[in-house]
Every structure is written in structure tokens, then in C-alpha cells.
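1. quick one, structure for this:
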Amino acid sequence: MESYLNENFGEVKPKNSSEEALERWRKLCCIVKNRKRRFRFTANLSKRFEARAIQRSNQEKFRIAILVSQAALQFIQGITYTVPEDVKAAGFQICADELGSLVEGHNVKKLKVHGGVESLAEKLSTSITNGISTSKYSLNKRKEIYGINKFTESQVRGFWVFVWEAFQDTTLMILAVCAFVSLIVGITMEGWPKGGHDGLGIVASILLVVFVTATSDYKQSLQFKDLDREKKKIIIQVTRNGYRQKISIYDLLPGDIVHLTVGDQVPADGLFVSGFSMLINESSLSGESEPVNVNAENPFLLSGTKVQDGSCKMLVTTVGMKTQWGKLIATLSEGGDDETPLQVKLNGVATIIGKIGLFFSVVTFAVLVQGLFSRKLQEGSHWNWSGNDTLEILEYFAMAVTIVVVAVPEGLPLAVTLSLAFAMKKMMSDKALVRHLASCETMGSATNICSDKTGTLTTNHMTVVKACICGKIKEVSSSTGSSSFCSGIPDSAIKLLLQSIFNNTGGDVVKNEDDKFEILGTPTETSLLEFGLLLGGDFQAQRQASKIVKVEPFNSVKKRMGVVLELPGGGFRVHCKGASEIILAACDKVIDSNGEVVPLDEASINHLKDTIELFANETLRTLCFAYKEMGSDFSAENPIPFEGYTCIGIVGIKDPVRAGVKESVAICRSAGITVRMVTGDNINTAKAIARECGILTDKGVAIEGPEFRLKSEEELQELIPQIQVMARSSPLDKHALVKHLRTAFEEVVAVTGDGTNDAPALHEADIGLAMGIAGTEVAKDSADVIILDDNFSTSVTVVKWGRSVYINIQKFVQFQLTVNIVALIVNFSSACLTGKAPLTAVQLLWVNMIMDTLGALALATEPPNDDLMKRPPVGRKGNFINNVMWRNILGQSFYQFTIIWYLQSAGKAIFHLDGFDSDLILNTLIFNSFVFCQVFNEVSSRDMEKINVFKGILNNYVFVAVLACTVLFQIIIIEFLGAFANTCPLTFQQWFVSVSLGFLGMPIAAAIKTIPVGSK
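-> Here you go, the predicted model:
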């Protein structure tokens, strides 16, 4: 079966599947009882095609708009704009439609007519320096005129919609028709109420199945809605009332001044106010992969696009559904998630078993009808047909249809969705937000985790603890103060260091609403700004003393950041900071102990290199500061040069290892998962941290990115299995490592990342894990799971949940296939050999609900336990339906079939049944024994290999509740609903025997588990 599934349903990957593959498996599912329900949680391909058409249209529209706007600049004279009265009354001078057409159409002409960005800000009653007023009246007026930054969401479907969809099941509709005919014929023949019992029994069973199914599906849909809402939460930085603050993307309004930096998503349509080196990726909106330069000449910023490089302030002009992104996202969101490989495989299993079931049901119906004809021929009444004969044929037909109901395991692929929805909800409370369904199940197969260091293995609470300035190594502490640190260091060196810290930064020091200073920025920038303030520096004074001409923001490829200052006395100065070895290699001078600039000789180089190594061995991150005098011939159009620098000094930043990381790494090792650290830091820092975390062992290899790049394919084949640490790595090194592990070694790889440049590796990996706190919006957009607390231990929790999902679905499949096989064989063999079937349509519908919806609820929602991390990973080649499952299915099926067949052939003699109702009692006994076999098999299925299946059973309230409800309802069916379910009350002895026969399946299951079969 596994080879058939892989061949026909194996093309769908956990991520990045082709649309041809997604379409192909749908066509192979020829036997589907309820298409609406079966394909509810799969991708809506038509909506995706529609979204792509919008993107192509946008691409052409933007291109034409730019050309038209440029051509129309000469015809500006004579164009006027009239402000609507309601807008004017609210205190604004421009309406939402005018703003929308201006930005969306890249309309330079209109922008000139309105007097440029500053004039537009005035018309929006805002300030490009202080932002909008936050008074309640002002905000409400703004919302009233311009709208809010929310997109139209698909309506939550009501419970009755799910009831209607559950009834769309073809077999249930056929049974409903049978029930209707049975009611008409039965009442005509036997009168009311006796003649309606059979029909009403089927109707009641159908309604029970429909309502239980609809309730389960409705609860799932609410869970997915909640998770979808969590995915869209984005926090942005704005200036309001003169204060820099963080707000939700949903609270953004036209007139807001937004601060954007590398990796951010542009939260609304707007205009560039000021900034440096802005490169915008508009591929999400237009499909165009080439980044666009945004500056004063081309100031248009579109919602939904991503900042690829640079930073800027943006004036918000249009929000919500008035933006092009708002119109596109409404269609994109309806495209849905790709179906997962397990969903597709189990659709394949359902199709195979459905075909077998259909064949058996047709043969069963034919055999039963042939038996009726034979009996009538023997009696000589083959020309006389009564209402009773019609009812009998109708009952045979209903039974055949019900065999299809039981045989087609429609619940298999839906159990995957149920288990994933349950896991995703629980993972949210464990600080992991799942963005793509498939990643849940894939994570359970992970064999490798390539983890970042900073913020993932460490706390990301950084502090400068050491510095080497003018050749002197100094301890840094808030308790010692600036005078202690600065003693013996020339003032000129301190001034240069402060100028570098406060100007060459992506952070900011601002006053908050309590009039206290607050530092904004990444943890690294924050620690450096704190160091600058500790030295007695004044951030605002430094920024006002010189003009910033050009900024090259930090990125993980260059591993440096540079800024060009125009000095008050004339001329330019470049400040650069970054990875110590890289910056030091660009220096040819250094500031000595007297504050003099001297050539960098061999002794000085060795001293600085020894300092870097000393800091690194103490698990400190090292950064080097340098500057260069440029004279007066620098142009902002030119790149910042990277040679001839003067070294100012080196700082060591402490970033402690997170609590629990060492234990988590040990858990991964015991679970057969290799953990590798991939970092941009110095190799000595990386090795020291890796040893502290338990990642780097005596036999492991630590390598630097530049060295890794030079290795041949043959060398990599030998080297990669031993690599435990990669330092000074670029994003391309990380991408190459992940690709080799996935392709050459067929490993299932999870990768953590937080920066924009990590996006390729996150996309390439089987599971991309983005950091929720330190991660950029670009990284999160490329990821499958967002680690909300940036903690490596949470990644291990995700693995545990992934394994739990995978094994829970295996347990449910094992349970359901056992019921399928037994129900099919019992009814088919009985029909063929005795001309009667022991299980009626109503009884089979009840069995179907036990194994389908209720079985999925009980087994697919089992929470994870620590034992899951003591077994090896499934990996890429593991069979889903493995030998262990087949052993349990066949062993349990054989036992159940044996006892039911024994009861059928010898039951009357054993229980001394010889009255007129002996057949009814025997069939009730068989039905009761069969149901209790399933109840106890459900318990046995809690663990496919271990004999003790009761461990932790009381912690799973859902399982206990489902089991209790099943037993309770079974008692009610037997004792009180006999007229509708073709049963009769049983004696205490008969109850004891039927329950005991079911219970006996547990020791049988335990004995079967001792048979060695291998795990494949």
C-alpha cells in the first residue's frame, strides 16, 4: 500500500508543492462521500489563480502609472482639487479617494499639485516630526473620514452551515431516501407507530451522525479562525504626539508617521519622508522580484511590500481596504493553506478502501437479493411480491449503502486536520505560532535543527561588559561609572567613540510619555547606546552636531554598518562598526594610548587579535569601531569605501545562555536529532557558547563560513555530518548547509532565523522557525512556525508536538482500519454464507460514528509525553502505515472476526437461545460484543508498541469523555432503543459475556505487541 500511496499521492510536499501535484491527487480521489467536507481544509486553487491575475494586473498598472506620471509632469498647470465639505468640516484638506489615487497610481503629478509630502502632511493635520494628535476626538474624526487599517475577512460560518455540509454526504442522502421509503411502506403495511420503527431508526442515526460531525467541524473552524487572527498581528513603531511608540498595525491611521527598517512589512500605503538606502520588494503585490529604490524622487510606499534594505520615516496616506494590498489579501486569504502530505496520503488510503468497500457492498447486496429470490423460488411465491418483500430488499439496499458508509474512511484525512488544529491551539500556549499546517506533522520527522545563537540559544539581553580603547582593556559596569572607565583614556578617543556609537546606529534614544529616556532598537544596538550613555554621552547633542549624509545599514552578508557624517567645520567622516576581524582587516591605523593616530604595526595587530580572542573565549560577542576622514570630495551617490580606516576600539558584549537550553539540546540528542549552531559571530565565541549549550562535542567540527565555501563537493560530503558549529556564516552559507543536508543526506531539516537574509534558508528548510521577538516581518513571512519567545527550548516543544501529531494520526488510522476490515468481512461473509447480515444499517451507522468522529476526537487529540523524545525520528523515508501498525491491525482484526463468527455459528447453543426472538437476541449480542471490541481496542490503540496503555489516560479528558459517552449510549441503544436499532435488552450474563469478549481484546493486543516485526 505504501508504494502505491507514494507513487500516486506522494507528489505533494510539506511546502512549495506544484499546483499540478495539488490538482492531480484530487482527481485520483474518485470515491468521495462528501466533497465539501473532504476538501474543506485544502487549498482553493481557483482563488489562487485569481490572486495571481490581480498581481499581474498590478504589475502592469504600476508600470503604466509611473510612465504616465512622468510624462504628465509638464502639464501640471491649471489642475485644481476641491476639498469635499465633510472632509473640510472634520479639519482636513484632502479626502481618502484623492490620497488613494495619488499613492496607488504613483501619481507624481498629483503630489506636485498638492505641494509635496510636507504640504500633504499639513492637509492631513499631522506633523512629520511629531505625528498625529492622540486625543479621542481627533482619532475618531480621522477614522470616520479615512477608515481603519483592517481588511475584509471571510465571515465565520454558522453552525447550521456545517450541519448542511455534513448532510451533503452522498451515502447519508441515499440512506435518508431509503428511510423515507421504509417509513411509507412500513406504515402502509403495519400502521403507526410499529411500521415506522425501522425508518425512524435510520433517520435518528443519520441526524446523530450529522450533528456530531457538524459540531466537531464547527469547533475546528473556530480554532483555525483564532489562529489566523494571531498570524496577522504585527506591531509597528510610530511617532504620535511627539513620542516614538509601538502600536498594532490595526490601529494605524492616515497621517501617522511610521518608522521602517530592514525586514519590516510596509503596513499601509504612504509616502517617503526621510531615510537612507531604501530598497522595497514589491513581489507580494505585483509579482515583480526586482527591488525598487524609494527616495524623495520616487516616494511611493505600498502596503504589503517588504523593506529589503535601508530605513526611513513614512507618512501614512491610505489604510485598509482602500489600499491595493487590502483588495489582494481578501482574495489571497481565500486561497487557503496547502493540504499536508499526510492529508493527501490518507485521502489515498480512503480511496483504496472505498473501492474495496464499494465492491463488497455491491456483492453483499447481490448475494442477499439472490438469497431472497432463491427462497421465494423454493416456496413457489416468486410471482407474488408483498410489502414485506419490498421492505426486505430496501433493508438489504440500506445495509449495502451502510457498508459503504463504514468502508469509506472519510474521517481519515479529516482526523489529520482535527489533530493539527488541536496541536496548533495547544502550541500557541507553548509559545509557538504555526503558520502552515504541514509544518506541524513535518516537525515530528525532523532529524536536524540548525539554530541561530543570538536570542535563540542566548537570552538576547545584551550588555557591554568589556572594551579595549587605545590599547587598554577596561571592565564596563554601571556601578563603576564613566569616570572610572575614562581614566587613562584620552578625551579625543572617547569623543570619537561616542560620535560613532550615537551616529552609526539603527537604534534611537527617545523620551516617552513619562518624560523618561527610552532606548529603541535591536538588543545589540540597545547595549551599545546604553554604553554610550554610561560614558556620559548625549544622544541628541551628538545627532545635532553633524549631518548624516549616507547610511549603509547592517546586514548579515557584509557584517558591518557604515555612516557618513558631514562635519560642522567642513569635510566628511565615515564611521564603521561590525564583526571585529572584518573591520580590523580594513584598518591601517589605530589610536594609541596618547590619543594619537599611528600606523597599525604587527604588534598592535597581534594585541587587538589577542583581545578579540580573549573576549570571545569568555563567550562575549565582539564588535570593532573604526573611522576614516574623507576630506570634502564625497558624494552620497557613491558607496561607502571600506579601506584605510583607523581603529577606535573593540567592545565585548555579554549575552548569557538561556536557562534550559543545555537540557533541551540533550533531549534532542536522545531523540536522534542533531543540533547545529549557525551564527555570524566570531568562531571562538561560537565554540565557547556551543560547548556551554552541549552542542559542540569532542568529535564535532567547528568551521567558519569562508572556509566552508571553499570546500569541494567531495569534501563537503565527508565534512557536513561532523559540523556542529558554523561561525562567521553568511545567509548563503546557511542556505548551502541546509540544501546539502536535505538533498545529499536526505535529512529533515528545521532552521531558525530572525533576519531578512535568513529568508532563503527558512524557505529552503523543511521547517522554517522564525523568531517572534527579534525576527523581521520578512523572516516571519518565509517561516512555517513562529517561536513567540525566541527560545530554543520552544523549538524542542514544537518537535514534541510534531511527533505527537504524527503518532496520534497513526493510532487513529490503526484503530479505524481495524473496524473497517472487521465490519466489511463480517457482513460480507455472513451475507454470503447465511444469507443474512448480523449488523443492521442503524447499528453500522453507530459503529461508523464510534470509529470516525468520536474515534478521531479520542485518539487524534492525545497530548504529547516525554517518551516521544526517547525514540528515533521517522525521517524522510519512514513509512506512514508501518509494520507495527499492520501487525496490530491484522492481529486485532483476526481476533474480532473469530469471536463474532463463533458467536454467529454457535451463539444460540452457548446461550440456550431457542425462542421466537432467538435471532434478535443473538444479533444484539453480536452487535454489543463488536462495539465493546472497538471500545477496548480504542484503549489498546493509545500506544502501538507498549503494553501499558493506561499511563496518563486520566490526563486526557477528551479520551475519557468519548469513551464514557460511547459506553453510555451503547447501553441506551441496547436497553431502550430496541425498536429503532433492531436490538433487545440483554440479561446480566449476556452483558458480562459481550463486555468480557471486548475486554479480552486488550490482553490479545498486548500479546500481539510482543511479536517482533521491525519498524518499517
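2. care to break the chain down by domain?
-> Per the TED database, the domain ranges recorded for the chain read 51-149+234-333, 341-423+799-1010, 432-458+658-790, 463-654.
3. mind putting these into CSV with distance to residue 201, mean neighbour count and mean pLDDT?
-> For the C-beta atoms, the positions are set from N, CA and C on the backbone; glycine is no exception. Output for the domains of the chain, formatted as CSV (distance: least, C-beta to C-beta, whole Å; neighbours: other C-beta atoms under 10 Å; pLDDT from 0 to 100):
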stretch, distance to residue 201, mean neighbour count, mean pLDDT
domain 51-149+234-333, 43, 18, 81
domain 341-423+799-1010, 3, 19, 83
domain 432-458+658-790, 38, 21, 87
domain 463-654, 67, 18, 88
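4. now the helices: where do they sit in the stretch 601-750 of the chain?
-> Along the stretch 601-750 of the chain, counting by DSSP state H, counting those that start in this stretch, helices occupy 602-617, 661-670, 683-693, 705-709, 713-719, 731-743.
5. which secondary structure elements does the last one contact?
-> Counting contacts by 3 or more C-beta pairs under 8 Å, 6 or more residues apart in numbering; DSSP states H and E, helix 731-743 is packed against strand 448-451, strand 674-678, helix 705-709, strand 723-727, strand 749-753, helix 759-764.
6. any idea how far residue 920 is from residue 551?
-> Here residue 920 is placed at a distance of 87 Å from residue 551 (C-beta to C-beta, to the nearest Å).
7. what sits up against stretch 758-771?
-> Contact partners of stretch 758-771, identified using C-beta atoms under 8 Å, 6 or more residues apart in numbering, comprise 14-16, 439, 442-443, 445-446, 450, 452, 455-456, 556, 731-732, 734-735, 738-739, 742, 748-754, 778-787, 790, 795, 798.
8. quick one: end-to-end length of that stretch, please.
-> End-to-end distance of stretch 758-771: 11 Å, with C-alpha to C-alpha, to the nearest Å as the criterion.
9. quick check: closest non-adjacent residue to residue 942.
-> The spatially closest residue to residue 942, leaving aside those adjacent along the chain, is residue 949, at 4.5 Å (C-beta to C-beta, 6 or more residues apart in numbering).
10. I should have written residue 307 there, sorry.
-> What sits nearest to residue 307 in space, not counting adjacent residues and going by C-beta to C-beta, 6+ apart, is residue 264, at 4.7 Å.
11. who's in contact with the one you found?
-> Residues in contact with residue 264, defined by C-beta under 8 Å, 6+ apart, are 236, 306-307, 776-778.
12. between the domains of the chain, which one is closest to residue 202.
-> Comparison of these against residue 202 by C-beta to C-beta identifies domain 341-423+799-1010 as nearest, at 5.7 Å.
13. the residue nearest to residue 942 and residue 940 touch, don't they?
-> Yes. The pair residue 949 / residue 940 is scored as a contact, 5.7 Å apart, by C-beta atoms under 8 Å.
14. need the overlap of contacts for these two.
-> Common neighbours of residue 949 and residue 940 are listed as residue 1002 (criterion: C-beta under 8 Å, 6+ apart).
15. I figured residue 349 hits residue 881, correct?
-> Yes. With contact defined as C-beta under 8 Å, residue 349 and residue 881 form a contacting pair (7.4 Å).
16. residue contacts, residue 132?
-> Residues near residue 132 by C-beta under 8 Å, 6+ apart: 125-126, 138-139, 142, 240-241, 253, 255-257.
17. swap in 10 Å and give it another go.
-> Counting by C-beta atoms under 10 Å, 6 or more residues apart in numbering, residue 132 makes contact with 121, 124-126, 138-139, 142, 238-241, 253-257, 316.
18. quick one: stretch 665-678 to chain centroid distance?
-> Relative to its chain's centre, stretch 665-678 lies at 22 Å (C-alpha atoms, centre = their mean, to the nearest Å).
19. okay, how far is it across that stretch, tip to tip?
-> 15 Å.
20. could I get the phi/psi values of residue 772?
-> Dihedral pair for residue 772: phi -80, psi -30, per degrees, to the nearest 10.
21. grab the nearest non-local neighbour of it.
-> Counting by C-beta to C-beta, 6+ apart, residue 788 is the residue found nearest to residue 772 once chain neighbours are left out, at 4.0 Å.
22. quote the end-to-end distance of stretch 528-539.
-> With C-alpha to C-alpha as the measure, what separates the two termini of stretch 528-539 is 12 Å.
23. please begin residue numbering at 20 from this point
-> Will do, 20 is the new start, and the previous item becomes stretch 547-558.
24. now residue 122. Nearest residue, chain neighbours left out?
-> Nearest non-adjacent residue to residue 122, counting by C-beta to C-beta, 6+ apart: residue 288, 4.4 Å away.
25. tell me where the longest helix sits in the protein.
-> helix 811-853 (DSSP state H).
26. next secondary structure after it?
-> Remark: after helix 811-853, the chain's next helix or strand is helix 860-868, criterion DSSP states H and E.
27. most distant residue from the middle of this protein?
-> Going by C-alpha atoms, centre = their mean, the residue of the chain most distant from its centre is residue 399, 68.8 Å out.
28. for the residue nearest to residue 122, grab phi and psi.
-> Dihedral angles for residue 288 - degrees, to the nearest 10 - are phi -70, psi 140.
29. any idea what it is bridged to?
-> The partner list for residue 288 in beta bridges (DSSP bridges) reads residue 337.
30. that one contacts residue 340, doesn't it?
-> No. Residue 288 is not in contact with residue 340 according to C-beta atoms under 10 Å; the separation is 11.5 Å.
31. thinking again about what came up before, where strands are concerned, which of the contacts of residue 283 count?
-> Among the contacts of residue 283, the residues falling in strands (DSSP state E) are 255, 325-326.
32. now those residues as JSON lines including distance to residue 200?
-> Formatted as JSON lines, the ones in strands among the contacts of residue 283 follow (distance: C-beta to C-beta, whole Å):
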{"residue": "255", "distance to residue 200": "64"}
{"residue": "325", "distance to residue 200": "62"}
{"residue": "326", "distance to residue 200": "67"}
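33. of these, closest to residue 980?
-> Nearest to residue 980 among the ones in strands among the contacts of residue 283, with distances taken as C-beta to C-beta, is residue 255, at 43.6 Å.
34. for the nearest residue to residue 585 once chain neighbours are set aside, grab phi and psi.
-> With C-beta to C-beta, 6+ apart as the criterion, residue 585 has its nearest non-adjacent residue at 4.4 Å, and that residue is residue 566. Backbone geometry at residue 566, expressed as degrees, to the nearest 10, gives phi -100, psi 130.
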